[in-house]
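> A predicted structure for the sequence below; I have some questions about it.
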Amino acid sequence: MRNLKLFKLGSIGLLPLWLGLFTLLPTLLVAVVSFLRRDETGLIALAPTFDNYARLLDPIYLKVFGHSLWMAGVATLLSLAAAYPFAYLLSRVRPAWRPVLLTLVVVPFWTNSLVRIYAIRSLLAAKGAMNDVLLALGLIHEPVRLLYTDTAVTLGLVYVLLPFMILPIYSSFEKLDQKLIEAASDLGADRLDTFWHVIVPLTAPGIAAGSLLVFLPALGMFYVTDVLGGARDLLIGNFLKDQFLDARDWPFGAAASLIIIALLFLLLELYVLSRRWLNPGERLDA
Amino acid sequence: MNPAFPVVQFRSVVKRYGGKTILPGLDLSVAEGEFLTLLGPSGCGKTTALRLLAGFEAPDAGEVRLDGECVNATPPNRRSVNTVFQSYALFPHMTVADNVGFGLRMKKIARAEIDKRVHETLELVRLVECAARKPHQLSGGQQQRVALARALVNRPRVLLLDEPLSALDYRLRKEMQIELKALQRKLGLTFIFVTHDQEEALSMSDRVAVMRSGVIQQIGSPREIYENPANLFVAGFVGESNILDGIVIGQPESGAITVQLDNLECVLRTDRSFDVGDRLHVLLRPEDLRVEVLPSSRAPAGRLAGKILEKTYKGMTLDTVIQLDSGRILLASEFFDEDDPSFDYALGQRVAVSWVPNWETVLPADAEP
Amino acid sequence: MRSLKTFYLWLVYSFLYLPMAMLAAYSFNASKYGARWEGPTFEWYRDLANDSALLEATLNSLAVAFVAATLSTLVGTLGAIGLWHYRFPGQTFLQGLLFVTLMSPDIVMGVSLLVLFMALRVRLGFWSLLLAHVSFCLPFVTVTVLSRLNDFDRRLIEAAQDLGAGEGRAVWHVVLPLALPAIAAGWLLSFTLSLDDVVVSFFVTGPTFEVLPLRIYSMVRLGVKPEVNALATLLFIVSLGLVSVSQRLLRKEQP
């Protein structure tokens, strides 16, 4: 009986305790730090201020944020464009093949993303395969600079994050009842009508989830720009890394971090709202 | 053990869920070896009563007694009752034999004894050849019998069945009704059966308790419930009923009243006491009505008159919807007469409606629950 | 039309796999730079085996990944059972928190945990890394196990209790066996996530404790190196193995 009480206590209490200590508390600390001043000797001085947020409005930093949002947005749209037809086709593949093909989508998701970015780097390098191919095809006459461009960074983001877009969209295609499509055409909808009025709304939860899973990490993946880009402060991630580890201006970095958290909540709220709007009565599991 | 001694007793049992009262005070006794059915619409509290007895819920007030002992604080695993769940709740990771033996393993009974009893019980439900299969390899009816065997093997004092047949198709349900009843007679076990299907309740039970909003409306043998419903709810829930409103206009002798019923003045016998001027309801089962074709449009004395609105051929019976001259709608269900195979009505045809005296049920108008 | 569809599927798979396949090919290429094939070699793999700093980082990573996966599987499984089996106040909030943690970008988690460890005066090294890794693995395990449990009828526990099992034995004999494939898959996923993490580790590890991804990071920043090709190939094979096991575990059908 005592063991049981302990079990119940553990199964109810341990998870909230851990999340409270290592998710909630640190976030609160970041929020507090973002309203304090920098101290040359001890990192932080206990003097309240709004300076850090005011400084974020400086055009230099606004540009960093704008650029990062733009890059993440482009990466999200490109992933969506590539993943949507792919997920659809995958869900129509013969059932016997599906587990294998699906596993092949999951493998990259489980592979070290740094290693994968490195693969892109060696592909794009001046003496890399891409230049060789372009030379062989006669499209160029001497190696061109492919690395250290925004395009390279975007390509890297899409390469690393594409499986995160494919998987949720695939799962909403898998749940899509084929009869609904038949019903739509029975009721006189042509293929385009069916696509816009039946298929897209029903797979919208997958689109929304996939977009979140690509967009949010894309803001922070500083190592992608470090390996493929070269320009500093291209993504918010690089900016945060600089503030916390190089410039050691924690309050300023904390303010930027809090902006991302606010963005996270905004997007999650939109996501939950959109799902509720599309599927009233559905229970949202974590 | 004294057969009249109640195995199960609910004493003023109250159950609330978050401010909503499901059972306002349930009193119920179930005798040894009895087949009792709790019948009612969904949300009437019948499943809650079963869960209180199984121990999945605790009462907010009152007592649940098993063999005379209060079991309010006894957890489900220490109660000698077993449940057949509506969804069967078979363990998907165990074979049929392991499912059936689960309860015995929990009681730490010797392996050989477990094997023997599992085999016997599987024989009882005719599933010996499926012992090594997993639940998902069985048909719905077989899964149902595994669930039954899994409960029976523990030789419970009371077997609780929570709508166990609702997932089966019509034919299988009929077969299982007969099988369940036979099994209960053979084993002499006490069964408490929960259902919303009145036909199922009437055909299997020794006693039926009709429930509504957590209150037992009537408890009695299937015959009593059907022929003498205690109120309009029971009458409406168990079988189909025609309800006519009337007013008492005289009392010719004790045990009889003169009633103005629709356009008809008639004398009815009743055990209930009425005063002149009281309002009342008269219940008539569709199969108790007699319909006769009227030659003219004149209403004959002593009978209700109307016209045929709708007719449905039912194989054994011809069912008609009749609109009385007062506008009220009656349902009638008449057996085909062997001597008159062409027996039929035309739509719109004038008819008179009557019934065999004393086959009606008279209820006071305030008996409306 | 049909061939167009097949072509598109192939195109995306090539995009996903060609760069990795090329790395694998390079790793056996005798040429130190560039893509030209100059004959096969195992030299780069030999170099790897002799790189003691890399080996130490690998061992460190494996240790952290093993302990972090085990701890997060324990806490996550318990939490999932708690969320599935019990009703308690704040449950919706907890589910929400889990969801937010799952979705929150690594960078935010890394920064926040760095601030926490500094505030609590935790020395950056093995312990800070371990706590951080458990924190980002935990929601994945919980959600994996919970979604498996949600496929089952909640009445199964009641059925076990009805048949004489106490709550503890009901969990042991029914819930755990049912959740086991998801628990194992959760462990594998955590192990991989921990081995792969760059962003969070970057913030919360100290100079005395180097882990594999950060070691790779410093190697990769300096340019293309043939040993890295070999290392990448090895890591890719490991992931391939782990994924196959996990996919087999999570198949919907019962054995």
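That came through, no problem. Numbers count the residues shown, from 1 in each chain, chains lettered A, B, ... in the order given.

> Any chance of the backbone angles for the residue in chain B that chain A sits nearest to?
For chain B, the residue closest to chain A is residue B:75, as judged by C-beta to the nearest C-beta, at 10.0 Å. Using the backbone N, CA and C atoms, a C-beta is placed for each residue, glycine as well. Dihedral angles of residue B:75 (phi, psi; degrees, to the nearest 10) stand at phi -70, psi 160.

> From the domain annotation, what segments belong to each domain of chain C?
Chain C breaks down by automatic domain parsing into domains covering C:1-41, C:52-250.

> Can you name the residues in contact with the helix or strand bottoming out on mean pLDDT in chain A?
Ranking every helix and strand in chain A by mean pLDDT, DSSP states H and E puts strand A:43-45 at the bottom, with a mean of 77. For strand A:43-45, contacts defined as C-beta atoms under 8 Å, 6 or more residues apart in numbering or on different chains pick out A:33, A:36, A:37, A:38, A:39, A:248, A:250, A:251, C:118.

> And those, which of them are buried?
Buried by 16 or more other C-beta atoms under 10 Å in any protein chain shown: A:33, A:36, A:37, A:38, A:250, A:251, C:118, out of the contacts of strand A:43-45.

> These in helices, which ones?
Among the buried ones among the contacts of strand A:43-45, the residues falling in helices (DSSP state H) are A:33, A:250, A:251, C:118.

> Enumerate every residue touching the residue positioned nearest the centre of chain A.
Centroid-nearest residue in chain A: residue A:214, 2.6 Å away (criterion: C-alpha atoms, centre = their mean). Residues near residue A:214 by C-beta under 8 Å, 6+ apart: A:72, A:75, A:76, A:79, A:80, A:157, A:161, A:164, A:165.

> Only the buried residues of stretch B:63-81, if you could.
B:64, B:65, B:66, B:71, B:76, B:77, B:79, B:81.

> if we can go back for a sec, what is the nearest of the contacts of strand A:43-45 to residue C:225?
residue A:248 (30.5 Å; C-beta to C-beta).

> quick revisit: would TSV of the buried ones among the contacts of strand A:43-45 with distance to residue B:241 be doable?
Shown next, in TSV, are the buried ones among the contacts of strand A:43-45 (distance: C-beta to C-beta, whole Å):
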residue	distance to residue B:241
A:33	75
A:36	78
A:37	83
A:38	84
A:250	79
A:251	79
C:118	78
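
> Would you point out the most distant pair within those residues?
That would be A:37 and C:118, which, of the buried ones among the contacts of strand A:43-45, are the farthest apart (C-beta to C-beta) at 16.0 Å.

> List just the nearest of the contacts of residue A:214 to chain B.
Nearest member of those to chain B, counting by C-beta to the nearest C-beta, is residue A:164, at 31.4 Å.

> Now do the same for that closest one: helix, strand or coil?
helix (DSSP: H, G, I helix; E, B strand; the rest coil).

> got TSV for the contacts of strand A:43-45, with distance to residue C:76 and pLDDT too?
Shown next, in TSV, are these (distance: C-beta to C-beta, whole Å; pLDDT from 0 to 100):
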residue	distance to residue C:76	pLDDT
A:33	29	92
A:36	34	90
A:37	39	88
A:38	38	84
A:39	39	80
A:248	35	84
A:250	31	89
A:251	34	91
C:118	27	90
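
> just these now: which is nearest chain B?
For the contacts of strand A:43-45, the nearest to chain B is residue A:33 (41.7 Å; C-beta to the nearest C-beta).

> Pull the contacting residues for the most centrally placed residue in chain C.
For chain C, the residue nearest the mean C-alpha position is residue C:193 (2.2 Å; C-alpha atoms, centre = their mean). Listed by C-beta under 8 Å, 6+ apart, the contact partners of residue C:193 are C:133, C:136, C:137, C:140.

> repeat for residue B:307
B:322, B:323, B:348, B:349, B:350, B:351.

> Next one: the fourth one from residue B:289, what distance?
Read that as residue B:349. Look at residue B:349 and residue B:289: by C-beta to C-beta, to the nearest Å, they are 15 Å apart.

> More neighbours: those two, which one.
More crowded of residue B:349 and residue B:289, by other C-beta atoms under 10 Å in any protein chain shown: residue B:289, with 21 against 16.

> Would you list the phi and psi of the closest residue in space to that one that isn't next to it in sequence?
The shortest distance from residue B:289 to any non-neighbouring residue, by C-beta to C-beta, 6 or more residues apart in numbering or on different chains, is to residue B:332 (4.1 Å). Phi and psi for residue B:332, reported as degrees, to the nearest 10, are phi -130, psi 150.

> Near the residue lying closest to residue C:68 once chain neighbours are set aside, how many other residues are there?
Nearest residue to residue C:68 in three dimensions, chain neighbours excluded: residue C:133, at 3.8 Å (C-beta to C-beta, 6+ apart). The local packing of residue C:133 (other C-beta under 10 Å) involves 27 other residues.

> Likewise for residue B:177?
17.

> Surely it and residue B:200 touch.
Yes - applying C-beta atoms under 8 Å, one finds residue B:177 in contact with residue B:200, separated by 6.1 Å.

> Could you verify my assumption that residue A:170 touches residue A:87?
Yes - the criterion here is C-beta under 8 Å, and residue A:170 meets it with residue A:87 at 4.1 Å.

> intersection of neighbour lists for the two?
Shared contacts of residue A:170 and residue A:87, counting by C-beta under 8 Å, 6+ apart, come down to residue A:206.

> re the thing from before, ok, which pair from the buried residues of stretch B:63-81 is furthest apart?
Maximum distance among the buried residues of stretch B:63-81 (C-beta to C-beta): 18.5 Å, for B:65 and B:77.

> Output the contacting helices and strands for the longest helix seen in chain A.
For chain A, the helix reaching the highest residue count under DSSP H is reported as helix A:59-92. Secondary-structure packing of helix A:59-92 (3 or more C-beta pairs under 8 Å, 6 or more residues apart in numbering or on different chains; DSSP states H and E): helix A:51-56, helix A:98-110, helix A:150-175, helix A:200-220, helix A:236-241, helix A:250-278, helix C:2-26.

> so how far is chain B from the nearest residue to residue A:144 once chain neighbours are set aside?
Spatial nearest neighbour of residue A:144, chain neighbours left out: residue A:131 (6.7 Å); criterion: C-beta to C-beta, 6+ apart. According to C-beta to the nearest C-beta, to the nearest Å, residue A:131 and chain B sit 56 Å apart.

> Enumerate every residue touching residue A:131.
Here residue A:131 is in contact with A:125, A:140, A:143, A:144, A:146 (C-beta under 8 Å, 6+ apart).

> Neighbours of whichever residue of the stretch 101-250 of chain A sits closest to chain B, how many?
In the stretch 101-250 of chain A, the residue that lies nearest chain B is residue A:174 (20.4 Å; C-beta to the nearest C-beta). Here the count is done by other C-beta under 10 Å, and residue A:174 has 13 residues near it.

> For the nearest residue to it once chain neighbours are set aside, which residues are in contact?
Leaving aside its sequence neighbours, residue A:174 sits nearest to residue A:91 (C-beta to C-beta, 6+ apart; 5.2 Å). Residues in contact with residue A:91, defined by C-beta under 8 Å, 6+ apart, are A:98, A:170, A:173, A:174, A:176.

> Which of these has the largest number of neighbours?
residue A:170 (26 neighbours).

> Need the per-residue pLDDT for that residue.
On pLDDT, residue A:170 comes in at 94.

> Any regions of chain C where pLDDT drops low?
Scanning chain C for pLDDT under 70 picks out the ranges C:1, C:33-35, C:223-224, C:252-255.

> Packing partners of the top helix by length along it?
Ranked by residue count, the top helix of chain C under DSSP H comes out as helix C:52-85. Using 3+ C-beta pairs under 8 Å, 6+ apart, the elements in contact with helix C:52-85 are helix A:2-19, helix C:91-103, helix C:126-149, helix C:176-196, helix C:212-221.
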